[in-house]
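In: Provided below for reference: sequence and predicted model.
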2 protein chains.
Amino acid sequence: MSAKTIAIAGATGLVGNHMLHVLEQRGFPVKSLKPLASERSRGRTVTFKGETIPIEVLDENSFKGVDIALFSAGGGTSKKYAQCAVDAGCVVVDNSSAWRMDPAVPLVVPEVNGDAVKQHNGIIANPNCSTIQMVVVLKPLHDAATIRRVVVSTYQAVSGAGVKALDELNEQSKAILEGREFECKEFPHQIAFNCIPQIPQSNAFDANGYTTEELKMVNETKKIMGDESIRVTATTVRVAVHTGHSESVNVETTKKLTAAQAREILAAAPGIVVEDDPDTELYPLASRAAGKSDTFVGRIREDLSHDSALDMWVVSDNLLKGAAYNAVQIAELL
Amino acid sequence: MSAKTIAIAGATGLVGNHMLHVLEQRGFPVKSLKPLASERSRGRTVTFKGETIPIEVLDENSFKGVDIALFSAGGGTSKKYAQCAVDAGCVVVDNSSAWRMDPAVPLVVPEVNGDAVKQHNGIIANPNCSTIQMVVVLKPLHDAATIRRVVVSTYQAVSGAGVKALDELNEQSKAILEGREFECKEFPHQIAFNCIPQIPQSNAFDANGYTTEELKMVNETKKIMGDESIRVTATTVRVAVHTGHSESVNVETTKKLTAAQAREILAAAPGIVVEDDPDTELYPLASRAAGKSDTFVGRIREDLSHDSALDMWVVSDNLLKGAAYNAVQIAELL
């Protein structure tokens, strides 16, 4: 691949920052880097390969000469500026939900449907964090045994809600440990030492009672896996964890898989590390997955309640495989 | 009911202490209270109805003249002393797992199978905390629509593992917030800002990969509901919450129930508070359930992945309805 000019829209956010690190760590051939952010970040800088680069304020003219733009600045910004970037000859890898279900936009997890990148019309969507780690694990099982139905419950980290949300978790935790009062600003309820079954924090609910995060898991899974017959239900929950989403996933398959077969299939699949040894109390943990780019799976069991189903525990770093790392992997496919 | 002499075996533990409070709060007719504990608690006292009562060291002769003994001192103590208590003419309500699956011992949740108390032969078992709150909600749904299968993932509070475990959560939380090193003594891994998919903390795993906590939910549910045909799978997870177990419960029924019908059925059932209003971001929370004796249910939805299933979120105080409160309710039935 020849060296590319890369723009990062939302470079000062948690995911944008991780994108910079992942580009560096993976030795992506960057000819020049253009960190973009909103007016609020004017005057700030980022560090890339030891170089200090000033933030430029994102506008319609930001994308001239840019080859690939990684967007991670929210759905509104993506809706407003992605087309400008495409018109300037740029390919956009968008981390927001703005284009994900658009039939003209590929929704890509490289381990699952990397080929879909070829069908892009300028924009490629990066899926929702909780969906990415799940489909990485579902794909090899689907290929081997055809998945019918998935029941997933998530344990999602606070970093998925941004820097201010992390600050709130820490502030509330300190206050509770010291017996002080605290405020809820970012979350509708106490997040420290609690579980909130609502993601996102506002305007979450659809008419059917599902949250938008849950519907992302239901709908994006079908699109990425390229199979509308896979039925999914999800309950998505924010927990008092800084980074690393955990998921309890029940998978019903057409063909029965034993736990041993599933372990073997998953161990051979790309992007997956099987951590599954009850004797040594080894299973995936958010605390250990944070900072790593793989998806970890363990607690693999044959479901006692069903003739052909598996239970498993899937953990990944929501900012890396769930966002920045997957976006850079997509850029590498271009 | 005439006033009774009540012994509490394990009176200095978290659950034992809650039993004292519940007896007080519910105005249980206590003629005399006998707090029992191990040698380690010699010299300690408890307060009951404003009176300071010295702990007596538990031995074979502790139960003379006692009408009802509430045991909450671990399975070993129950195995060792429950029969002595029965031989002394006492009825034992046992909070450990020692007798729960014994066919001669009723396993009772008063809202579900209170009548089973009558069949006791001296010992009545109090179910596992995570099972109790689930069956309170499952029973009215089963009566209305016949449950086929349950897929449950839990978010269990640290107080379920005792006082030292709570101390460890607090110490680790402080250490992490202050950037200090910390130790894992009670839990096999970091519990602060983490999710551990293993309960209990040691000797957890069965040959089929399930933990004993998960198998309790599978097997106790069938016994309490009096229906071996109800299939259950569970993934039980310890989260960084002090008190209040949350559960994501997917319920497949023979007869289809709408979410509205389920809400109506649950609202009319004993021991349940329906908290389910997406518009005001109202759903059960551990932080709000702690200290209350009801079981809270919300996020009630018709499962998009199944023709006849519901998703819901069930929360209760694991020390109260999950232990002490349920035990005192059983004592009231005697």
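Out: Happy to help now that I have it. Numbers count the residues shown, from 1 in each chain, chains lettered A, B, ... in the order given.

In: Report the inter-axis angle for the helix or strand hosting A:Thr154 versus strand B:147-155.
Out: Here A:Thr154, judged by DSSP states H and E, is contained in strand A:147-155. Computed by axes from the mean of the first three to the mean of the last three CA atoms, to 10 degrees, the angle separating strand A:147-155 from strand B:147-155 equals 30 degrees.

In: Give the other helices and strands that strand A:147-155 contacts.
Out: helix A:129-145, helix A:212-225, strand A:231-235, strand A:245-253, strand B:147-155 (3 or more CB pairs under 8 Å, 6 or more residues apart in numbering or on different chains; DSSP states H and E). Just so you know, the C-beta spots here come from the backbone N, C-alpha and C atoms, and that holds for glycine as well.

In: Repeat the analysis, applying 6 Å as the threshold.
Out: Contact partners of strand A:147-155 among helices and strands, from 3 or more CB pairs under 6 Å, 6 or more residues apart in numbering or on different chains; DSSP states H and E: strand A:231-235, strand A:245-253.

In: what would those strands look like in a markdown table with mean neighbour count and distance to B:Met217?
Out: Formatted as a markdown table, those follow (neighbours: other CB atoms under 10 Å in any protein chain shown; distance: least, CB to CB, whole Å):
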| stretch | mean neighbour count | distance to B:Met217 |
| --- | --- | --- |
| strand A:231-235 | 25 | 17 |
| strand A:245-253 | 26 | 13 |
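
In: and the ones you listed as JSON lines, adding distance to A:Glu302 and mean pLDDT?
Out: Listed next are the helices and strands packed on strand A:147-155 as JSON lines, based on distance: least, CB to CB, whole Å; pLDDT from 0 to 100:
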{"stretch": "strand A:231-235", "distance to A:Glu302": "20", "mean pLDDT": "98"}
{"stretch": "strand A:245-253", "distance to A:Glu302": "11", "mean pLDDT": "98"}
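
In: Using CSV, please lay out the ones you listed together with distance to A:Ile265.
Out: Below are the helices and strands packed on strand A:147-155 laid out as CSV (distance: least, CB to CB, whole Å):
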stretch, distance to A:Ile265
strand A:231-235, 20
strand A:245-253, 11
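
In: Looking at the helix or strand where A:Ser173 lies now, give me its mean pLDDT.
Out: Taking DSSP H and E as the definition, A:Ser173 sits inside helix A:163-177. For helix A:163-177, mean pLDDT rounds to 98.

In: Centre of the chain to it, how far?
Out: Here the centre of mass of C-alpha atoms in helix A:163-177, compared against the chain's by CA atoms, centre = their mean, to the nearest Å, lies 23 Å away.

In: Contacts for it, please.
Out: Residues outside helix A:163-177 that contact it (CB atoms under 6 Å, 6 or more residues apart in numbering or on different chains) are A:Leu14, A:Val158, A:Ser159, A:Phe182, A:Glu186, A:Ile191, A:Ala192, A:Phe193, B:Ser173, B:Lys174, B:Leu177.

In: Is A:Asp279 in a helix, a strand, or coil?
Out: Per DSSP: H, G, I helix; E, B strand; the rest coil, the local secondary structure of A:Asp279 is helix.

In: measure it to chain B for me?
Out: Note on A:Asp279: its distance to chain B, by CB to the nearest CB, to the nearest Å, is 8 Å.

In: Ok, A:Leu215 next?
Out: Between A:Leu215 and chain B the distance is 8 Å, computed by CB to the nearest CB.

In: count of residues packed around that residue?
Out: Other residues near A:Leu215 come to 18 when the count uses other CB atoms under 10 Å in any protein chain shown.

In: Which of the contacts of helix A:163-177 has the largest number of neighbours?
Out: A:Phe193 (27 neighbours).

In: so that one touches B:Thr243, yeah?
Out: No: with contact defined as CB atoms under 6 Å, A:Phe193 does not count as touching B:Thr243 (9.0 Å).

In: ok, of the contacts of helix A:163-177, which one's closest to B:Gln119?
Out: Closest approach between these and B:Gln119, by CB to CB: A:Phe193, at 40.5 Å.

In: OK, contacts around that closest one?
Out: Neighbouring residues of A:Phe193 by CB under 6 Å, 6+ apart: A:Ile176, A:Ala240, B:Val241, B:His242.

In: among the residues you listed, which are in strands?
Out: With strands taken from DSSP state E, there is no overlap with those.

In: Inside helices: which ones of these?
Out: If you go by DSSP state H, the contacts of A:Phe193 have A:Ile176 in helices.

In: what does the stretch 151-300 of chain A put close to chain B?
Out: A:151, A:153, A:155, A:170, A:173-174, A:177, A:188-190, A:193-195, A:197, A:205, A:209, A:218, A:231-233, A:235, A:239-242, A:246, A:248, A:250, A:278, A:281, A:283, A:285-287, A:299 (CB under 6 Å from any CB of the partner chain).

In: Return the residues of the stretch 1-150 of chain A in contact with chain B.
Out: Near chain B, when you scan the stretch 1-150 of chain A using CB under 6 Å from any CB, you find A:Arg149.

In: Quick one: the helices in the stretch 1-150 of chain A, in order.
Out: A:14-25, A:75-87, A:110-113, A:129-145 (DSSP state H, counting those that start in this stretch).

In: relative to helix A:129-145, how tilted is the first one?
Out: Yep, that's helix A:14-25 we're talking about. Using the same axes, to 10 degrees: helix A:14-25 against helix A:129-145 is 60 degrees.

In: Over to the second one?
Out: Using the same axes, to 10 degrees, one finds that helix A:75-87 and helix A:129-145 are set 70 degrees apart in direction.

In: Other residues contacting helix A:75-87?
Out: Contacts with helix A:75-87, where a contact means CB under 6 Å, 6+ apart, come from A:Glu60, A:Phe63, A:Ala69, A:Phe71, A:Val92, A:Asp94, A:Ser96, A:Ser97, A:Ala98, A:Gly122, A:Ile123.

In: just to revisit the earlier point, make a markdown table out of the helices of the stretch 1-150 of chain A and add mean pLDDT.
Out: A markdown table is the format used below for these (pLDDT from 0 to 100):
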| stretch | mean pLDDT |
| --- | --- |
| helix A:14-25 | 96 |
| helix A:75-87 | 95 |
| helix A:110-113 | 98 |
| helix A:129-145 | 98 |
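
In: Highest mean neighbour count out of these?
Out: helix A:129-145 (a mean of 24; mean count of other CB atoms under 10 Å in any protein chain shown).

In: one step back: for the strand holding A:Thr154, give the mean pLDDT please.
Out: Mean predicted confidence for strand A:147-155 is 98.

In: quick one: A:Ala9 from A:Val105, how far?
Out: A:Ala9 sits 16 Å away from A:Val105 when distances are taken as CB to CB, to the nearest Å.

In: got it, and A:His306?
Out: 35 Å.

In: do A:Glu168 as well
Out: In terms of CB to CB, A:Glu168 sits 33 Å off from A:Val105.

In: and what of A:Ile55?
Out: In terms of CB to CB, A:Ile55 sits 27 Å off from A:Val105.

In: Under the pLDDT cut-off, which ranges of chain A? List them.
Out: A:1 (pLDDT under 70).

In: Domain parsing of it, as residue ranges.
Out: Domain ranges of chain A: A:4-127+A:324-333, A:131-318, per automatic domain parsing.

In: Run through who's touching stretch A:17-34.
Out: So stretch A:17-34 is contacted by A:1, A:3-8, A:46, A:48-49, A:70, A:319, A:324-325, A:328 (CB under 6 Å, 6+ apart).

In: Go ahead and build a ChimeraX selection from the buried members of these.
Out: In ChimeraX, a selection of the buried entries from those looks like this (16 or more other CB atoms under 10 Å in any protein chain shown):
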select /A:4,5,6,7,8,46,48,70,319,324,325,328
